[in-house]
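Colleague: have a look at this prediction, sequence included:
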Amino acid sequence: MRSARHLTLNLWFGKFEHVEETFKPPRGSDVIVYAETYENQMSVLGSWTTKLLPRPIFSDSTGKYTLPLECFKPPEGWQFTDDWFISIDRSLTFDNESGLREFTEEVYEGHTRLPGSSWDGGFVTTWWADNKGDKSPSLDEIECSEGWAWVGEWR
């Protein structure tokens, strides 16, 4: 037995406060809200702090909109079952080459300097990190895994 199905999906990528004036969901449909907040910190002399941040302590991913934890409320009839926790993107825990024929090696160059010193002075430290923030060798020290070949230049 076959039956025809029709699925309509309406997405709103905007601020929730504007949803009712701009987005009109069809009668009988459910509106599901997904939001996330980021805790912002900065490193000052090797210690992480929220003091003197140029953005809110809790914000959206851009840092423009304040999204404090206490403003996140579950829908009516729902409840949080546990405390807030850091949610790590589990896809980052797999080896880059798992089941792939090609992948991009991501390495980030970072610089730190002492407050009041210039970026071109002698008090600048250069460091390298992978996409998880873990220490990484510099670009010149990274070797291609056995059976793999570089297909492009570092950018």
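Modeller: Received, thanks. Numbering: from 1, shown residues only.

Colleague: which residues touch the residue nearest in space to the middle of the chain?
Modeller: Computing the C-alpha centroid of the chain and ranking residues by C-alpha atoms, centre = their mean puts residue 61 first, at 7.0 Å. Going by C-beta atoms under 8 Å, 6 or more residues apart in numbering, residue 61 touches 36, 38. C-beta here means a position set from N, CA and C on the backbone, and glycine is covered the same way.

Colleague: quick one: pLDDT of residue 104?
Modeller: pLDDT, residue 104: 74.

Colleague: my error: substitute residue 127 in the last question.
Modeller: Reported pLDDT for residue 127: 86.

Colleague: okay, and the beta partners of it?
Modeller: Per DSSP bridges, the residues bridged to residue 127 are residue 110.

Colleague: surely it and residue 107 touch.
Modeller: No. Using C-beta atoms under 8 Å, residue 127 is not in contact with residue 107; the gap is 10.8 Å.

Colleague: of these two, who's got more company?
Modeller: Higher neighbour count among residue 127 and residue 107: residue 107, with 15 against 12, using other C-beta atoms under 10 Å.

Colleague: residue boundaries of the strands in this protein?
Modeller: 38-39, 42-44, 47-49, 58-59, 108-113, 124-129 (DSSP state E).
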